[in-house]
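Participant: Here's a sequence, model it:
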Amino acid sequence: MSKTLVIVESPTKAKTISRFLGRDFDVTSSMGHIRDLPSSKLGVDVEKDFEPKYVVPPKAKKTVTELKKKAKNAGEIILATDEDREGEAIAWHLLSALDIKADQAKRIVFHEITKPAIKEALEHPRKIDEHLVDAQQARRVLDRLVGYELSPFLWKKVMRGLSAGRVQSVAVRLIVERENEIKKFKADEYWNILANFEPTSGEKKAFQARLVKIGDKALKKLEIKNEAQAKGILKDLEGQNYQVSEITKKEVRRNPAAPFTTSTLQQECARKFGYSAKQTMMIAQQLYEGIEIGEEGATGLITYMRTDSVNLADEALGKIKSTIEQQFGEEYTLPQARKYKTKSKGAQEAHEAIRPTDASRDPETLKAHLDAKQLKIYSLIWKRTLATQMPEAIIDHTKVDIITGDKKHTFRATGQVIKFEGFLRAYEEGTDEKAEEEELAGILPEMKEEDKLKLLELLPKQSFTQPPPRYTDASLIKALEEHGIGRPSTYAPTISTIIARKYVEKIEKKFHPTEIGVTVNDMLTKHFPRIVDIEFTAKMENDLDDVAEGKIGWRPMIKEFYEPFKKNLEEKTESVEKHVEETDEKCPTCGKPMVIKYGRFGKFMACSDYPDCKTTKPLPEEEKKEEELAEKTKDEKCPICGKPMAVKRGKWGYFLGCTDYPTCKGIKKIENKTGVKCPKCGQGDVVQKKNRRGTFFYACNRYPDCDYTSNKLPGQDEEKEDE
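Facilitator: Predicted structure coming up:
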């Protein structure tokens, strides 16, 4: 009897699913997409209604051959790829690549890789959803048209090797515009008058309050503008007595955040662990597809991680409630399940939020089977899921107004006490920014109105308004989602792309636009405003959602975009001059002005009379740097032939190359030596290095023979003590 062939995307997923199916099933993997647009050409026939020309990539040919053999001998074929548009498209491509007719294969989908979910899916197979396939094709074709037709424009007008893309260009625009806001920002000085008080009777516990009113006038944030004003107020406060004028108490109730979606999981992992979106999705994929957990074997631990829904399945809610009761007690359960409404545009409510496949499987029981990062993300998902079905937290919020003896100045202290932890017992959501008022909130001593207070200290505090913060992984994803740009599967690759293209760089976990990123953004904003227009890009995403729902056809949608885009591109290719920066420097060869251009290794100066004059030279700052490096490394010898080394510049920066090149191809790194011998091996020199996060550290230059590293220069502490 022939076996039933089940095809999924990844070997890990295949291994997990095969545990739930008997010997009559052959579960195998397509290793991702097995057809795509060709990499060497456009692959879209714009003359024939945007017909895509798919090919089997070289890396997938062996897989396709093997799958064809299995499909030929199979009794039945089941396509079990992921339930989103990408998974639907992979299933559709499999039919074509393996020469399978649509009625010969069954399509099953599931939100989690568990035995009940797989069994349920097998009992309810369906046909491939052509609308979802069309939506995926539309996105692929749209992105190919923009990338392959707009990128050559950037090559001609800025420099070769650049690329443009719909969503990535908008993401760069957000980062560039935020940087411009920061540069234009002018800080305003302001002062706060703080005071430390202590009750004169009862609990002698110090607390802090802030001056909030002078006379009948409430003080706004920038009311006290300078030190002179602050000193004037302090003078008025000299010799004053203080007493409690009013105490206001209220009960505040806080509800838990919704279950995780792709976006909120990426944001929270960035806030709490510093993980990039790409890193978060890679680990979440592992948890979804299956982890070996002892005798149970490969087990899917979380539900599908590409989702914009906050729904929780009814069957999961019962297990969540019993787990809460077991972990925290009955008082932490809800009489009725809490439901959440999805706010994101185009969300697919039929899907589920990200949750544990089995809530009773707590993180502690999985410690031995997960690595540190897997455990962190699983714990986060588990705790957040439980918290969504726990009671609201009840917090007693107290506001105490304190008035001076002359009744002219009012200070205010705020305090809060958790009356009932509720969901906070399990989980509290991270935040991007901390409010100024939160700094003063604490537990206040017991006081009554008209109680006398002892002034311990008056504290004038100078502050300055802050510019808007640079985007982090968390805040950029949040902004993309709020603007309706991209969908769950696009956030991580979008961010990875703009970093890989060197349009932005991460410094201390914050995005900074590079010079080339700014140049490309300015070029696109000026000449292709629709491509980087936030509202237009969001409309395109909504159109793709309409395609997925069968409301509109994908080819008319592409045509509506492409015709004006192509016309504008042709006009701009003719009219726009190549981007150059003029300088006051004259060409040393012909005397004509030098201009700044972009090359493979960054900016350089070139004669404006190119190609008649091909003189080039480094920028003054680079020239100076080269001279300094040449002086610093003048005694370095080639490790191969012993001849002198010369400073050269490559893709990754400066390095030393043999002066006898190309006869000798010896190269060396330029080390930032400190003049200190390695304290561990005594042979190597301690050099300063920089890690991926941009932080400097010290290491032995004999690595890997010596693995000495330190975040401080050896002897640094001793020198400070001597001083």
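Participant: helix, strand or coil for residue 516?
Facilitator: Counting by DSSP: H, G, I helix; E, B strand; the rest coil, the backbone at residue 516 sits in helix.
Participant: list the helices and strands the helix ranked longest in the chain packs on?
Facilitator: In terms of residue count, the longest helix belonging to the chain (DSSP state H) is helix 130-157. If you count contacts as 3 or more C-beta pairs under 8 Å, 6 or more residues apart in numbering; DSSP states H and E, helix 130-157 packs onto strand 44-45, strand 51-52, helix 85-97, helix 166-184, helix 515-527, helix 534-548, helix 554-575. (Each C-beta comes from the backbone N, C-alpha and C, glycine too.)
Participant: orientation of it relative to helix 534-548 in degrees?
Facilitator: Angle of helix 130-157 versus helix 534-548, following axes from the mean of the first three to the mean of the last three C-alpha atoms, to 10 degrees, is 150 degrees.
Participant: List the buried residues for helix 130-157?
Facilitator: Neighbour counts over helix 130-157 (16 or more other C-beta atoms under 10 Å) mark 131-150, 152-154, 157 as buried.
Participant: hang on, the earlier thing: figure out which of the helices and strands packed on helix 130-157 is closest to residue 664.
Facilitator: Nearest to residue 664, of all the helices and strands packed on helix 130-157, is helix 515-527, at 33.5 Å by C-beta to C-beta.
Participant: For the closest one, output the C-alpha coordinates as PDB.
Facilitator: Provided in PDB are the C-alpha atoms of helix 515-527 (Å, rounded to 0.1, in the frame of the first residue of the first chain):
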ATOM      1  CA  GLU A 515      25.100  59.200   4.700                       C
ATOM      2  CA  ILE A 516      24.100  57.000   1.800                       C
ATOM      3  CA  GLY A 517      20.800  56.300   3.500                       C
ATOM      4  CA  VAL A 518      20.100  60.000   3.700                       C
ATOM      5  CA  THR A 519      21.100  60.600   0.100                       C
ATOM      6  CA  VAL A 520      18.900  57.800  -1.200                       C
ATOM      7  CA  ASN A 521      16.000  58.900   0.900                       C
ATOM      8  CA  ASP A 522      16.300  62.500  -0.400                       C
ATOM      9  CA  MET A 523      16.500  61.300  -4.000                       C
ATOM     10  CA  LEU A 524      13.400  59.100  -3.600                       C
ATOM     11  CA  THR A 525      11.400  61.700  -1.600                       C
ATOM     12  CA  LYS A 526      12.100  64.400  -4.200                       C
ATOM     13  CA  HIS A 527      11.600  62.400  -7.400                       C
END
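Participant: Spell out the residue ranges of the strands in the stretch 351-500 of the chain.
Facilitator: 393-404, 409-420, 452-464 (DSSP state E, counting those that start in this stretch).
Participant: Indicate which one of these is closest to residue 286.
Facilitator: Closest approach to residue 286 among these is made by strand 393-404 (32.6 Å; C-beta to C-beta).
Participant: what's next to that closest one, contact-wise?
Facilitator: Contact with strand 393-404 is made by 195, 197, 209, 212, 237, 240-254, 409-424, 444, 447, 453, as judged by C-beta atoms under 8 Å, 6 or more residues apart in numbering.
Participant: And for stretch 37-55?
Facilitator: 35-36, 57, 93, 96, 137, 140-141, 144-145, 148-149, 555, 558-559, 562, 566.
Participant: hang on, the earlier thing: pLDDT on the longest helix of the chain, on average?
Facilitator: The average pLDDT for helix 130-157 rounds to 94.
Participant: for that helix, the distance to its chain's centre please.
Facilitator: 23 Å (C-alpha atoms, centre = their mean, to the nearest Å).
Participant: Please render the strands of the stretch 351-500 of the chain as TSV that adds distance to residue 583 to the earlier fields.
Facilitator: Converted to TSV, the strands of the stretch 351-500 of the chain look like this (distance: least, C-beta to C-beta, whole Å):
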stretch	distance to residue 583
strand 393-404	61
strand 409-420	57
strand 452-464	36
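Participant: Point out the one among those that comes closest to residue 72.
Facilitator: strand 393-404 (60.3 Å).
Participant: I'd like the distance between the spatially most central residue of the chain and residue 530.
Facilitator: What sits nearest the mean C-alpha location of the chain, by C-alpha atoms, centre = their mean, is residue 473, with 2.8 Å. Distance of residue 473 to residue 530, computed by C-beta to C-beta, to the nearest Å: 27 Å.
Participant: just residue 644 next, same as before
Facilitator: Distance of residue 644 to residue 530, given as C-beta to C-beta: 55 Å.
Participant: ok, now residue 155?
Facilitator: Residue 155 is 21 Å from residue 530, by C-beta to C-beta.
Participant: Equivalent analysis for residue 666, please.
Facilitator: 52 Å.
Participant: Apart from its neighbours in sequence, what residue is nearest residue 711?
Facilitator: residue 697 (5.2 Å; C-beta to C-beta, 6 or more residues apart in numbering).
Participant: check contacts around that neighbour.
Facilitator: So residue 697 contacts 688-691, 709-711 (C-beta under 8 Å, 6+ apart).
Participant: Next: residue 618.
Facilitator: Going by C-beta under 8 Å, 6+ apart, residue 618 touches 604-605, 626, 649.
Participant: Which of those has the largest number of neighbours?
Facilitator: The residue in the contacts of residue 618 with the most neighbours, by other C-beta atoms under 10 Å, is residue 605 (21 neighbours).
Participant: Now do it, the pLDDT please.
Facilitator: 91.
Participant: Next up, the contacts around it.
Facilitator: Residue 605 neighbours (C-beta under 8 Å, 6+ apart): 583, 585, 594-597, 616-619.
Participant: Can you tell me which of these is nearest residue 544?
Facilitator: Distances from residue 544 to the contacts of residue 605, taken by C-beta to C-beta, are shortest for residue 597, at 38.0 Å.
Participant: For the closest one, grab the count of nearby residues.
Facilitator: 18.
Participant: Distance check, it against residue 569.
Facilitator: From residue 597 to residue 569 the distance is 23 Å (C-beta to C-beta).
Participant: cool, residue 108 as well?
Facilitator: 43 Å.
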